[in-house]
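# Provided below are the primary sequence and the corresponding predicted coordinates.
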Amino acid sequence: MPALPASAKMRIEGNEKCPCVNSSFFPSNEMKRKGYNFPGNVSEISEYGVNCSKHDENGFNECANTSHPSPPHCTRNWCYVDHTRCNLTHKISYYLPTRYYSYATCGELDSFTFTARRGSLKGEKLKVGYNANTGGWKGSYNKNGSFSTDDEWSGPIVDFIKEAALEGGFEIVKTAPPEWLHKGSMSFFGGSSKFDFCVYATSLGYLDFCVGSYTISTKRSSVTTMFETESDPVYLFVHDSANDGWEEFSYNFRLIGQPFSYGAWLLIFFFTLPVMGMLMVFHEYDHPGTAFPKNEVTFVDDCDNKEKPVEIESRKIPLYKHLLSSIYMAFLSFNEGAYSQGVVSISGKIHLIGLAAFVMLILAVYTANLAAILTQDANTSGIDSIKSAVRRGYNVCAERKIAQIVMEAYDVDGSVFVPDPEDGKPGFNCGTCKSRQRVFDFMNHTHTDGSLYCNVAISKLEDLEALQSEKLHCNKTKVGDAIHFALEGIPIYSGRADALVSIFQDLKAKGFMTKSLKAAAPESICPESGGEGTALNVDQLSGVWIVTFGFAMLALLSKCILYCKRRKRQKKSSRKIRTLRRHDQWGNPPPYEVIIGGYRYDAEGHELQKMGGHSTTITEEIEPLCDDHTHNHHEEGSHFTLRRSRSLMRGVASVIVE
């Protein structure tokens, strides 16, 4: 194997871009004066750090600990260098601040700096400000609020910091930033946020770092070091159904009518169905066996003349009754999906084909559209991005930092965002209003005040996940892809940044942050919604309940009105008239015979015929036409009342007047 060229080999005196210094560069007794105890003789001490060599291999500091594996830097080459002549990576010595060292000049990676940084905080007491996040579940939380010094803190970030303190061997002293700094924070950040306040105090060195989930913004990162802990997706959120309260009730009621436009409904209910129903009267009127006969048979009783027998009369049916009945049948066919009345005329049968086709097609289209609307948000159809929301003229709720990011990334005007109630600027930033939850609290799809409410919201996904784990804002859902990924971090004082970042980064690389987040992830207890085949809840069926019980109440009201009207008519006239043969909802006569005092009524001849033999019947007494009234039959002279019976022999119902 050919020898490597000289340029490819490690030079003992280091690379020419950053040459090692010799022993005469530093005072020979410097290390002894600093109190370090080196193994070996004086000549070894004087050669420590001179030329590229594994200077720590013989057991210097942590490399001498045999109870655990030595750090990587113990077996790597390095040397002291003149920092004024070094153009490669080099660092100031942790032990001898007048010297600089470089692993790079010897062709090695610097792992000593990382190890030294981690150990530099051992035994230190760090002043830490704790901020209480107002939303989400990935940050730090305390019921007593920000800067509380009690032990009630919880959350993945809090667990992460506790583990970091154990790893770095430092002690956490919960400290609130000096209150007099608040004015400077408000002036610099333009708001009263306690999170900005903590960042401001940390940047000045009054705190070593802050605990909480901080959105990394350009302004925050410009004044202090921000260690990134998490990248959280930001989504556009809309109403999964309508808004809370009356708006939701109103929306769900209107939902049953949404498959067609108002104009289509007017055409169906006020033209097509009535006209098709009335045309059926035109075709069927006075045909034998039709549901629209010209005359009807009535039972007439004179209540003032007890000696006068009952009379059977044929009376002409007013045309308006047939027209109303035909319109009712047309509407009933729309609800039942079929026209169930028998049609006897040829023209009526042809007309029935058109009516049946209309009902079938309308119901098919209605069912398909209603199914689609009930399983997706019809109000927000087409809203899947911030640009589509802006095009529709919607205004947006968002936290201040999120609003600033969206305005910069999507060139959105600040007037789109609902202003903060305290400073009037775009996005919520109020210190006491729980700005992250306020984003969802003030979503109102049908609002009329854009200065207070919004149509849609932009927020981190974790914020809605936390709320829905408490069954709050279950009618909100994300749409489209993530419009941004918000970087979350911890602000660190620059004087502690190197050491703390080393500890935090090592802990994050070991997966501790991921484990903490996984353990703390909330589970939604909201009913599932959206998607094909999703079960509908009680609220979504509001329109069904209203229509169903609305007609039920209307039927009860009509029953009361008719009863009162009949009683009033009885008081005015002694002559009572009752139809002998009633008809069902489709105009079909029910299958029973009319019997009066042992005489059967013959519907074809419109006369009473003497009955022969006996039939076993179960009778149910019904109300007579005249209260407490008896009559003599014209032949039998018998006492009679009006009864309804059902034959057991033939299964034929009878109306009996005795």
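That came in fine, so what should we check first?

# OK, contacts around the residue most central in space within the chain?
What sits nearest the mean C-alpha location of the chain, by C-alpha atoms, centre = their mean, is residue 476, with 2.6 Å. The neighbours of residue 476, taking C-beta atoms under 8 Å, 6 or more residues apart in numbering as the test, are 237, 238, 239, 240, 440, 443, 457, 464. Quick note: C-beta positions are derived from backbone N, CA and C, even for glycine.

# that one pairs with what?
With DSSP bridges as the criterion, residue 476 is bridged to residue 239.

# next one: residue 316
residue 295.

# begin at 29 from here
With 29 as the first residue, the last one maps to residue 344.

# quick one, helices of the stretch 329-478 of the chain?
Here the stretch 329-478 of the chain has its helices, by DSSP state H, counting those that start in this stretch, at 347-364, 374-402, 414-419, 428-438, 463-469.

# and for the stretch 479-628 of the chain?
Under DSSP H, counting those that start in this stretch, the stretch 479-628 of the chain gives helices at 489-496, 522-537, 540-548, 570-600.

# highest average neighbour count across the ones you listed?
Among the helices of the stretch 479-628 of the chain, the stretch with the highest mean neighbour count (mean count of other C-beta atoms under 10 Å) is helix 489-496, at a mean of 22.

# who are the packing partners of that one?
Contacts defined by 3 or more C-beta pairs under 8 Å, 6 or more residues apart in numbering; DSSP states H and E place helix 489-496 against strand 253-267, helix 463-469, strand 504-520.

# select, out of those, the one closest to residue 231.
Across the helices and strands packed on helix 489-496, residue 231 has its closest neighbour in strand 504-520 (7.4 Å, C-beta to C-beta).

# run the chain-centre distance for that closest one.
Chain-centre distance of strand 504-520: 17 Å, with C-alpha atoms, centre = their mean, to the nearest Å.

# restrict it to CA atoms and write it as CSV.
What follows is strand 504-520 as a C-alpha-only set of coordinates in CSV (Å, rounded to 0.1, in the frame of the first residue of the first chain):
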residue,chain,number,x,y,z
LYS,A,504,-64.4,23.2,15.8
THR,A,505,-62.1,21.3,13.4
LYS,A,506,-59.0,21.9,11.4
VAL,A,507,-59.1,22.1,7.6
GLY,A,508,-56.5,21.8,5.0
ASP,A,509,-52.8,21.3,5.5
ALA,A,510,-50.7,23.0,8.1
ILE,A,511,-50.2,26.6,7.1
HIS,A,512,-47.1,27.0,9.3
PHE,A,513,-44.9,25.1,11.8
ALA,A,514,-44.4,27.2,14.9
LEU,A,515,-41.1,26.7,16.6
GLU,A,516,-41.3,26.4,20.3
GLY,A,517,-38.4,27.0,22.6
ILE,A,518,-36.9,28.0,25.9
PRO,A,519,-35.2,31.5,26.3
ILE,A,520,-31.7,31.3,27.8
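
# identify each buried residue in that strand, please.
504-507, 511-512, 514-520 (16 or more other C-beta atoms under 10 Å).

# and which of those residues is nearest residue 54?
residue 520 (33.2 Å).

# surely that closest one meets residue 256?
No - with contacts counted by C-beta atoms under 8 Å, residue 520 stays clear of residue 256, the gap being 11.3 Å.

# so what sits against both of these two?
By C-beta under 8 Å, 6+ apart, no residue touches both residue 520 and residue 256.

# which one of the buried residues of strand 504-520 is nearest to residue 458?
The closest of the buried residues of strand 504-520, once distances to residue 458 are taken by C-beta to C-beta, is residue 514, at 19.4 Å.

# wait, isn't that closest one in contact with residue 243?
Yes - using C-beta under 8 Å, residue 514 and residue 243 qualify as a contacting pair, with a distance of 5.4 Å.

# shared neighbours, the two?
Common neighbours of residue 514 and residue 243 (C-beta under 8 Å, 6+ apart) are 429, 430, 433.

# quick check: PyMOL command selecting the buried ones in the residues you listed.
In PyMOL syntax, the buried subset of the shared contacts of residue 514 and residue 243 is picked out as below (16+ other C-beta under 10 Å):
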select buried, resi 429+430+433
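
# now render the shared contacts of residue 514 and residue 243 as CSV, adding distance to residue 117 and pLDDT.
As requested, the shared contacts of residue 514 and residue 243 are arranged in CSV below (distance: C-beta to C-beta, whole Å; pLDDT from 0 to 100):
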residue, distance to residue 117, pLDDT
429, 35, 85
430, 38, 90
433, 34, 86
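
# from the shared contacts of residue 514 and residue 243, pick the one nearest residue 551.
When the shared contacts of residue 514 and residue 243 are compared against residue 551 (criterion: C-beta to C-beta), the nearest one is residue 430, at 24.7 Å.

# any idea how far residue 422 is from residue 267?
In this view, residue 267 and residue 422 are 11 Å apart by C-beta to C-beta, to the nearest Å.

# tell me which of those two has more neighbours.
Neighbours were counted for residue 267 and for residue 422 using other C-beta atoms under 10 Å; residue 267 has more, 25 against 19.

# from what I see, that one and residue 475 are in contact.
No - Residue 267 lies out of contact with residue 475 (C-beta under 8 Å); the separation is 11.5 Å.

# tell me the least confident of the contacts of residue 504?
Lowest pLDDT among the contacts of residue 504: residue 268, with 70.

# quick check, pLDDT for the residue nearest to that one when sequence neighbours are not counted.
Nearest residue to residue 268, sequence neighbours excluded (C-beta to C-beta, 6 or more residues apart in numbering): residue 505, at 4.2 Å. On pLDDT, residue 505 comes in at 88.

# would you confirm that residue 505 contacts residue 266?
Yes - counting by C-beta under 8 Å, residue 505 does reach residue 266; the two are 6.5 Å apart.

# burial measure for residue 239, as a count.
By other C-beta under 10 Å, the residues close to residue 239 number 25.

# neighbours of the closest residue to it other than its chain neighbours, how many?
With sequence-adjacent residues excluded and distances taken as C-beta to C-beta, 6+ apart, residue 239 is closest to residue 158, at 4.7 Å. The number of residues packed near residue 158 is 25, by other C-beta under 10 Å.

# contact partners for residue 158?
So residue 158 contacts 168, 170, 174, 175, 176, 181, 186, 202, 238, 239, 240 (C-beta under 8 Å, 6+ apart).
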